[in-house]
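> Have a look; sequence and predicted model below, questions after that.
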Amino acid sequence: MSLKEIVEISQKVTDMITQIATASEEQSSTSEQISKNVEAISAVTSETASGTQQVARAAEDLNHLTVNLQELIGQFRLSSGSPKEMQKGGVRSRLGEGKTC
């Protein structure tokens, strides 16, 4: 093997080492980006879970309000009179007996 061949092989090895180093840096940078993206996904997942809990609480509150409204509506009774009599009489309240229209 001549000195010229050794220098050429040495240059090829140096080029390969440079390529490996560059690829390693790119891989490290990509790994950091992936890590940041996973953290962002985790944050969005957490926010979504929190939002879901808020929606569940709001649905529960709405359910309670619906029950209360049904109880209030249950206190009203329609009179047995004709529609004209109901218009003339208006709404009358009887304590303890609910409301009559």
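Good, I have the coordinates. Numbering: from 1, shown residues only.

> Now find how far off-centre the helix or strand containing V38 is within its chain.
Element membership of V38, judged by DSSP states H and E, is helix 3-74. Centroid separation between helix 3-74 and its chain, computed with C-alpha atoms, centre = their mean, to the nearest Å, is 16 Å.

> average pLDDT for stretch 43-53?
The average pLDDT within stretch 43-53 is 97.

> what sits up against that stretch?
Residues external to stretch 43-53 that are found in contact with it (C-beta atoms under 8 Å, 6 or more residues apart in numbering): none. Every residue, glycine included, has its C-beta placed from N, CA and C.

> Name the residue closest to the centre of the protein, please.
When C-alpha atoms, centre = their mean is applied to the chain, the residue found nearest the centroid is T48 (2.7 Å).

> Against L62, how distant is that one?
Distance of T48 to L62, given as C-beta to C-beta, to the nearest Å: 21 Å.

> Next one, pLDDT for L62 please.
Listed pLDDT for L62 reads 98.

> ditto for S82
pLDDT recorded at S82 is 59.

> just Q70 next, same as before
Note for Q70: predicted pLDDT of 94.
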